[in-house]
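Undergrad: Show me the folded form of this:
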Amino acid sequence: MDVAGSGAAWPGDDGNPGTSAGKQEAKREMTTIEQPHSGLARPGPTTERHHRGPKAQSTIGATGVSAWFGSNKVLERVTLTMEPGKVTALIGPSGCGKSTFLRILNRMHELIPSAALSGTVELDGVDIYSPAVKVTDTRLHIGMVFQRPNPFPTMTIAQNVLAGLRLSGNKVANPDALVKESLERAGLWKETRNRLNEAGAALSGGQQQRLCIARALAVRPKVLLMDEPCSALDPISTGVIEETIRELSDEITIVIVTHNMQQAQRVSDNCALFLVDGEAQPGHIVEAGPTVQIFESPDDPRTADYVHGRFG
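TA: Numbering: from 1, shown residues only. Reported below is the predicted structural model:
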């Protein structure tokens, strides 16, 4: 498979939330934010911070993935299976292709006109880059949370939660219940239950990031990708996000990019170390496996050097 970048075509205006200005801003950002779906069975009643839905079932895997920006090769034959019900951490120095690989997992890579890739990415055995698979359908299954919180500033907290669902054209019988459930699962309900009509941008940084997680969860993703979700947050907010990640991993396959080795040890079940062999060389996976093994008894000496802070 060889794929050149092609912009995403997103759903229409059905059920648009917020003002006209809010709708236009949402449309612009929906090309880069989470777009999950209804394939995950609807969970039952929730309790704050102790939600347990259906056990995660979806596997996402890459085989022989190489990537380019123009003539610049940035990834070299990456093969990795990210297991259901587990958190996989992508670690490694800056510039080794971790975030590029994460974006490849829900076809965001092809939003860049000069981008191309080879290899396969499969969700539950289906090649997401197949011509028969729509890019919008892929992002309905595979959500994304970014490094910096990006709530829609013209939308209320409740409207932010429902934004992905409504802009994808999906209907929900009881939107109030879905807002409550999604905020509970993201660990934000108690802090926002009396503020649902306030602007999402009025929340603190850590709360905004949990709001973005709630927005992703509202549309039932099978997989949730997280690109350094705590790097801009204080330690208390980081701890809350990490607890949320661990709880959600029971229901959703999670892949997280992090530069924080302590965080990787705290939240992940498996790790993959990306490195480059030299300047202008593409990133590749040096070693992947259970987090305990990667940190305590890695096979490659470069892995031991990196996780123990001897470089990077």
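
Undergrad: Verify the contact between Ala186 and Gln208 for me.
TA: No - with contact taken as CB atoms under 8 Å, Ala186 and Gln208 are classed as non-touching, separated by 11.0 Å. For the C-beta atoms, the positions are set from N, CA and C on the backbone; glycine is no exception.

Undergrad: okay, these two: which has more neighbours?
TA: A side-by-side neighbour count of Ala186 and Gln208, using other CB atoms under 10 Å, places Ala186 first with 29 against 23.

Undergrad: Tell me the spacing between the more buried one and Gly61.
TA: Taking CB to CB, to the nearest Å as the measure, Ala186 and Gly61 are separated by 27 Å.

Undergrad: What of Glu76?
TA: In this structure, Glu76 lies at 17 Å from Gly61, with CB to CB as the measure.

Undergrad: swap in Glu279?
TA: Glu279 sits at a distance of 30 Å from Gly61 (criterion: CB to CB).

Undergrad: In terms of secondary structure, what does the host helix or strand of Thr244 contact?
TA: Using DSSP states H and E, the secondary-structure element containing Thr244 is helix 235-248. Of the remaining helices and strands, those touching helix 235-248 by 3 or more CB pairs under 8 Å, 6 or more residues apart in numbering; DSSP states H and E are helix 175-185, helix 205-217, strand 253-257, helix 261-267.

Undergrad: Ok, which of these comes nearest Arg139?
TA: Ranking the helices and strands packed on helix 235-248 by distance to Arg139, with CB to CB as the measure, places helix 205-217 first at 10.5 Å.

Undergrad: Please identify the buried residues of that closest one?
TA: Gly206, Gln207, Gln208, Gln209, Arg210, Leu211, Cys212, Ile213, Ala214, Arg215, Ala216, Leu217 (16 or more other CB atoms under 10 Å).

Undergrad: with the residues you listed in mind, which one is nearest to Val257?
TA: Gln209 (14.4 Å).

Undergrad: What residues does the closest one make contact with?
TA: Applying CB atoms under 8 Å, 6 or more residues apart in numbering to Gln209 gives the contacts Val145, Pro149, Pro229, Cys230, Ala232, Leu233, Ser237, Ile241.

Undergrad: Which ones among those map onto strands?
TA: Filtering the contacts of Gln209 for membership in strands, criterion DSSP state E, returns Val145.

Undergrad: ok so, going back, between Glu279 and Gly61, who's got more neighbours?
TA: The residue with more neighbours, out of Glu279 and Gly61, is Gly61; 17 against 6, by other CB under 10 Å.

Undergrad: what separates the closest residue in space to Lys180 that isn't next to it in sequence from Ala214, distance-wise?
TA: In space, not counting the residues next to it along the chain, Lys180 is nearest to Trp189; the distance is 6.2 Å by CB to CB, 6 or more residues apart in numbering. For Trp189, the distance to Ala214 under the criterion CB to CB works out to 9 Å.

Undergrad: what residues are shared contacts of the two?
TA: Here Trp189 and Ala214 have Leu183 as joint contacts, going by CB under 8 Å, 6+ apart.

Undergrad: count of neighbours near Ile157?
TA: Using other CB under 10 Å, the number of residues around Ile157 comes to 27.

Undergrad: Just confirm it contacts Leu211, I think it does.
TA: Yes - with contact defined as CB under 8 Å, Ile157 counts as touching Leu211 (6.4 Å).

Undergrad: Look up the residues forming beta bridges with the spatially most central residue of the chain.
TA: Centroid-nearest residue in the chain, with CA atoms, centre = their mean: Leu225, separated by 1.8 Å. Beta-bridge pairing for Leu225 (DSSP bridges): Met144, Val255.

Undergrad: which residues does it contact?
TA: For Leu225, counting by CB under 8 Å, 6+ apart, the contacting residues are Leu102, Leu105, Asn106, Ile142, Gly143, Met144, Val145, Ile254, Val255, Ile256.

Undergrad: how about the closest residue to Leu196 other than its chain neighbours, phi and psi?
TA: When the adjacent residues along the chain are set aside, Leu196 lies closest to Ala158, with 4.3 Å between them (CB to CB, 6+ apart). In terms of degrees, to the nearest 10, the main-chain angles of Ala158 are phi -60, psi -40.

Undergrad: wait, what's in contact with Ala158?
TA: For Ala158, the contacting residues are Pro175, Asp176, Val179, Leu196, Asn197, by CB under 8 Å, 6+ apart.

Undergrad: Redo the contacts of Leu225 as CSV? Include neighbour count.
TA: Putting the contacts of Leu225 into CSV (neighbours: other CB atoms under 10 Å) gives the following:
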residue, neighbour count
Leu102, 20
Leu105, 23
Asn106, 27
Ile142, 28
Gly143, 29
Met144, 24
Val145, 26
Ile254, 27
Val255, 26
Ile256, 26
